[in-house]
Structures are given as structure tokens and as C-alpha cells.
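**Q** Okay, predicted coordinates and the sequence, questions at the end:
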Amino acid sequence: MAVIHNTSLKPTKLELLTAWLPGRPWYQGDPQAPQLAKAGGFRIDDPQGEVGIECMVVTDRSGDVPRSYFLPLTYRGAPLDDAEQALVGTTEHGVLGRRWIYDGSQDPVLIAQLLALLQGHAEPQDQDASDVRDESVTCHVGDDSGFGSSSMVGMVAVANGPHGTDLTVETTTEQGAEPDDRSEPARTAVTLHIARVLEPLAGAEVTGRAAGAPGHLASVTGVWQSDDGTEQRGLFVAVRTSGR
């Protein structure tokens with residue numbers, strides 16, 4: 001279980017993101033002067049207790065219309081090998097010291113835990129309180145797939161588009177064979193879509209469980225506060241078989 005420290009960050013997350021966001025291909029605001037405000041999000045625990053994982057929503061008021069962005073981030077006590085391109089920045093934590101903050105779409109610990117969340121093996125945690133489940137985050141796994149019992153092998157590719165990030169991930173699924181059956185687990189590639197530019201789901205209720213995203217093996221929806229103060233629910237993450 002991750003412990004939330006009530007302490008300072010210098011520079012703050014929003015200050016680092018203000019400098020980092022304009023370089024993303026899906027950013028739609030004023031690249032010279034983003035106006036960011038925290039609008040929601042949740043955390044996921046790292047089973048090893050080494051990496052902080054936060055899925056943050058920020059709203060930017062700098063463009064023609066306010067836009068909300070979904071930003072999975074990781075917090076590490078040392079640099080992640082071969083991940084300079086994913087570094088958002090470094091900050092001084094009042095308790096833990098220097099922390100390296102990464103775009104979580106390129107951090108294997110976050111990707112593994114997002115998959116676990118999609119499968120129902122990990123729980124979304126409150127963004128600001130320790131050991132409190134975030135009930136606003138809902139996960140839906142299709143009934144007709146083996147995705148729920150698959151395991152991550154590794155990341156294959158990362159592709160950023162105008163509205164999100166697609167990650168190709170190789171997974172294995174046990175065949176359910178007899179104990180003396182030495183056949184190899186089935187391998188398959190899935191595409192994990194991270195919705196960066198958030199849009200409210202039509203007809204989705206802010207409270208209660210939301211339906212899964214059509215055409216996907218599994219999906220996660222969540223709630224954020226829009227610029228006018230109302231709460232919206234939208235798709236955060238979805239997974240499909242690669243090639244579809």
C-alpha cells in the first residue's frame with residue numbers, strides 16, 4: 001500500500017506539466033502559456049512498493065475551449081533506464097527527496113498495473129488518501145475473452161496520435177491444460193489505448209458502474225471535474241486485440 005505524504009514538491013507537478021504538455025502531439029491548447037488545474041484522477045499501488053503511480057486529470061483553459069487531459073505518471077527514486085524521452089521532470093519531495101517523474105505510458109511498471117486494473121486484479125486508489133478505494137473508477141471486462149487471465153510479457157511499441165496514446169503489449173495466456181501438458185502458453189499482442197483528450201461519454205452516469213467501451217476486450221472509465229464545476233464521466237483506458 002502506498003503512503004500519501006502531506007508535504008511539498010518543488011517544482012510542483014502542475015509546474016512540470018505546464019512545461020511538458022505543449023510538446024505532446026495530442027495537446028490542443030496554447031503552447032506558449034498552458035493554464036492547468038487539477039481536475040481529478042486516481043492512483044494504483046505498485047505491488048513492489050517502489051514506484052508511485054498516479055493517473056491524473058488536468059484541465060487546460062488556454063485554448064479556445066477548456067480541454068481535460070488524462071495523464072498517467074510514475075514517480076521514481078532513481079532514473080528509469082533508457083527512458084530519457086519519457087521524463088516529465090525532476091522534483092524535490094519534502095519527505096522522499098529527489099523524484100523522477102515519467103510519462104507512465106513508457107514505464108513498464110505502470111503499464112503492468114494498468115493491465116491488472118483492466119483485468120480486475122488491481123484496485124483504483126483515492127488520489128489523496130492512503131488505503132482508500134476510488135469508487136468512481138469503473139472497470140469492465142468482456143465475458144468472451146481470455147484477456148482477464150493473461151500476463152504481460154513486454155511492451156512492443158508506443159504510438160502517439162492526436163487524441164491518445166496506443167501501446168502494443170505482448171501478453172501470454174495459460175491454456176488450462178493438464179498438469180503434465182508441456183505446451184507453451186499462448187502469446188498474443190493487445191493494444192492498450194490511453195485516452196489523452198477526454199470526452200464525456202454520452203448517457204454515462206457519474207455515479208455507479210458504467211458500461212464497457214464497445215468493441216474492446218476491457219475498459220476503464222472515470223470521473224473528472226469540468227471547467228464549469230460539473231462532474232463528467234469518460235473513457236480513460238481501453239484494450240483491444242492488436243490489428244483491429
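**A** Arrived safely, thanks for sending. Numbering: from 1, shown residues only.
**Q** I'd like to know how many residues surround Ser130.
**A** 13 (other C-beta atoms under 10 Å). For the C-beta atoms, the positions are set from N, CA and C on the backbone; glycine is no exception.
**Q** Mind telling me what element it is part of?
**A** Using DSSP states H and E, Ser130 maps to neither a helix nor a strand.
**Q** So Arg240 sits against Ser219, correct?
**A** No - in this structure, Arg240 is not within contact of Ser219 by C-beta atoms under 8 Å, at 9.4 Å.
**Q** quick one: which of those two has more around it?
**A** Taking neighbours as other C-beta under 10 Å, Arg240 and Ser219 compare with Ser219 leading, 25 against 19.
**Q** pLDDT-wise, which helix or strand of the chain ranks last?
**A** Least confident element among the helices and strands of the chain, by mean pLDDT, DSSP states H and E: strand 150-160 (a mean of 84).
**Q** next structured bit after that strand?
**A** By DSSP H and E, the next helix or strand past strand 150-160 is strand 164-173.
**Q** What strand or helix carries Lys38?
**A** Using DSSP H and E, Lys38 maps to strand 36-43.
**Q** What are the contacting residues of the least confident helix or strand of the chain?
**A** Residues outside strand 150-160 that contact it (C-beta atoms under 8 Å, 6 or more residues apart in numbering): 24-26, 105-106, 108, 111-112, 115, 119, 165-173, 187-190.
**Q** Among those residues, name the buried ones.
**A** Buried residues within these, defined by neighbour count using 16 or more other C-beta atoms under 10 Å: 26, 105-106, 108, 111-112, 115, 119, 165-167, 169, 171, 173, 188, 190.
**Q** Between those residues, which has the least confident prediction?
**A** Across the buried ones among the contacts of strand 150-160, the bottom pLDDT score, 77, is held by Thr173.
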